[in-house]
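Asks: Turn this into a model:
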Amino acid sequence: MTLDIDFVRAQFPAFSSPALDGQAFFENAGGSYTCKQVIDRLTRYYTERKVQPYGPYDASRLAGEEMDEARVRLAAIMGVDTDELSFGPSTTQNTYVLAQAFGDYLQTGDAIIVTNQDHEANSGPWRHLKDRGIEVREWQIDPDTGHLDAANLKTLLDDKVKLVCFPHCSNVVGEINDVAAICKIAHAAGAVTCVDGVSYAPHGIPDVGALGADIYLFSAYKTYGPHQGIMTIKRALGEKLPNQGHYFNADCLYKRFTPAGPDHAQIAASAGMADYIDALYAHHANGAADTNGRGAYVHDLMRAHEVKLLQPLLDYLGDKNSVRLLGPRDATKKAPTVAVGLQQKGSDAAEKLAKLGIMAGGGDFYGVRCLQAQGIDPDHGVLRVSFVHYTKKQEVDKLISALDQVL
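Replies: Sure thing, here's the model as predicted:
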């Protein structure tokens, strides 16, 4: 499968914007450009549907139908039932709501496992449960490689552990964790799993049903959509946890963990993410597939393109003695989220790159524990360059040329 990069970039208005001309975007881990399908749906909602949804008149009825459409189609892509998918204002907020639910559900003496590879959003909320008598165990990364070893997880598991929280992919290490294998280990010990997919989903929305994750969270604004958090939770677990929404919504699974009113327009616009996946499938594939199959095809299409572009960058950085490349050097094991430790501060290097037309970032990226575990001062930070499938080879070449000057 070969990605038609010209077709892809034509789906993103940012690439034809004069304001961004000459700029190569390498901070996609902080948020991706939005595809035109989402922008069109959001514009239509705000101009034609901006009323209370699910009413009897056309504008209201259509508003509700578009919200439902987003849930139906995204759930199908992810291989879960429609009502197992819910929206929230952000993944961080969704995680806090989940932590509150587990805090009410777990008993004193129960244990949970978190990692020090995570973004703080999938670590801090769970760690707060220790104040409620819950034991918090830390699954630690290898300080040299940043790798999470499944063998170390097994040593932490016993009959006290009820929940294992870990990332699909770290936002600084970049290594793709084997979610399916980890979930099997946790389930065999009687625990459920909560997977932070924020740093993985931009590289292809996964089939969560196939992975076996009990909870999976990611951010729509990093998957070419609006600023919403998306969460899936298996029905048996969702119905077991205490309701966090209005009492009269307790029988509706996707409302149980939405204590605040959802953003109607952004939920409706999220269907544009499914539109985009369908457009890529129709342009590249021969034959027909169901929604889940189209999602899987596009996932693989995106990853293949990214791996091809990523390997030369990893080779370039890995060969430099003055650079500490975090995470694996093999592009097939890593998302194109590349963090490097430098003698200069990460933020200083990012500023220099900006003058050369490279949009990148420097800092700790809310991965403070992860950096500290690898012996990096979060105040010094790292330089992070990240991209997704709409990035061109010429932009990676430009990045390497700019890094030559900065490093």
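
Asks: When you work out contacts or count neighbours from here on, use the C-alpha atoms and nothing else.
Replies: Fine.

Asks: Name the nearest residue to residue 195, ignoring sequence neighbours.
Replies: residue 216 (4.8 Å; CA to CA, 6 or more residues apart in numbering).

Asks: so what's the closest residue in space to residue 13 that isn't next to it in sequence up against?
Replies: In space, residue 13 comes closest to residue 36 once its chain neighbours are excluded; the distance is 6.3 Å by CA to CA, 6+ apart. Listed by CA atoms under 8 Å, 6 or more residues apart in numbering, the contact set of residue 36 reads 11-13, 272.

Asks: Considering these, which is situated nearest to residue 79?
Replies: residue 272 (18.0 Å; CA to CA).

Asks: can you tell me which helix or strand the closest one belongs to?
Replies: Following DSSP states H and E, one finds residue 272 within helix 271-284.

Asks: for the helix or strand that that helix is followed by, packing partners?
Replies: With elements assigned by DSSP H and E, the helix or strand that comes after helix 271-284 is helix 291-318. Contact analysis of helix 291-318 by 3 or more CA pairs under 8 Å, 6 or more residues apart in numbering; DSSP states H and E lists helix 58-78, helix 271-284, strand 324-325, helix 393-406 as its packing neighbours.

Asks: where's helix 291-318 relative to the chain centroid, distance-wise?
Replies: 15 Å (CA atoms, centre = their mean, to the nearest Å).

Asks: middle-most residue in the chain, spatially?
Replies: residue 198 (1.5 Å; CA atoms, centre = their mean).

Asks: Find the nearest non-adjacent residue to it, please.
Replies: Residue 198 sits nearest to residue 218 (CA to CA, 6+ apart), 4.1 Å away.

Asks: which secondary structure element contains that neighbour?
Replies: strand 215-219.

Asks: Okay, now the sheet partners of that strand, with direction.
Replies: strand 192-196 (parallel), strand 229-233 (antiparallel) (DSSP bridges).

Asks: Tell me what angle it forms with helix 58-78.
Replies: Strand 215-219 runs at 120 degrees relative to helix 58-78, counting by axes from the mean of the first three to the mean of the last three CA atoms, to 10 degrees.

Asks: Quick one: mean pLDDT for strand 215-219?
Replies: For strand 215-219, the mean per-residue pLDDT is 98.

Asks: Identify the residues contacting that strand?
Replies: 90-91, 193-199, 201, 208, 227-234.

Asks: Which among those residues count as buried?
Replies: In these, burial by neighbour count holds for 90-91, 193-199, 201, 208, 227-234, counting by 16 or more other CA atoms under 10 Å.

Asks: For the stretch 51-200 of the chain, just list every one of the strands.
Replies: Ranges of strands in the stretch 51-200 of the chain, per DSSP state E, counting those that start in this stretch, are 85-88, 111-115, 135-139, 161-167, 192-196.

Asks: Indicate which one of these is closest to residue 279.
Replies: strand 85-88 (22.6 Å).

Asks: my read: residue 130 touches residue 136, true?
Replies: Yes. With contact defined as CA atoms under 8 Å, residue 130 reaches residue 136; the gap is 6.2 Å.

Asks: Please say which of the two ends up with more neighbours.
Replies: residue 136 (20 against 16; other CA atoms under 10 Å).

Asks: Show me what the residue nearest to that one when sequence neighbours are not counted is bridged to.
Replies: Nearest non-adjacent residue to residue 136, counting by CA to CA, 6+ apart: residue 112, 5.2 Å away. Residue 112 forms beta bridges with residue 136, residue 163, as assigned by DSSP bridges.

Asks: burial of residue 112, as a residue count?
Replies: 26.

Asks: show me the contacts for it.
Replies: So residue 112 contacts 134-137, 161-165 (CA under 8 Å, 6+ apart).

Asks: Distance-wise, check it relative to residue 189.
Replies: 12 Å (CA to CA, to the nearest Å).

Asks: Find residues that contact each of those two.
Replies: If you check residue 112 and residue 189 against CA under 8 Å, 6+ apart, the residues they both contact are residue 161.

Asks: hey, what's the nearest residue to residue 325 once chain neighbours are set aside bridged with?
Replies: Nearest residue to residue 325, sequence neighbours excluded (CA to CA, 6+ apart): residue 340, at 4.6 Å. Here residue 340 sits in beta bridges with residue 325, residue 383, going by DSSP bridges.

Asks: Residue 340: neighbour count?
Replies: Neighbours around residue 340, by other CA under 10 Å: 21.

Asks: ok, back up a step: adding pLDDT as columns, could you present the contacts of residue 112 in JSON lines?
Replies: Converted to JSON lines, the contacts of residue 112 look like this (pLDDT from 0 to 100):
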{"residue": "134", "pLDDT": "98"}
{"residue": "135", "pLDDT": "98"}
{"residue": "136", "pLDDT": "98"}
{"residue": "137", "pLDDT": "98"}
{"residue": "161", "pLDDT": "98"}
{"residue": "162", "pLDDT": "98"}
{"residue": "163", "pLDDT": "98"}
{"residue": "164", "pLDDT": "98"}
{"residue": "165", "pLDDT": "98"}
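
Asks: for those, which one is nearest residue 65?
Replies: residue 165 (33.9 Å).

Asks: ok, the closest one - contacts?
Replies: 112-115, 122-123, 193-196.

Asks: same thing with residue 169?
Replies: 175-177, 196-200, 335.

Asks: which two from these end up farthest apart in space?
Replies: 196 and 335 (14.3 Å).

Asks: Make sure residue 266 is actually in contact with residue 230.
Replies: No. Between residue 266 and residue 230 there is no contact under CA under 8 Å: 11.3 Å.

Asks: Just give me the neighbour total for residue 283.
Replies: 12.

Asks: if I look at it, how far off is residue 310?
Replies: Distance from residue 283 to residue 310, by CA to CA: 24 Å.
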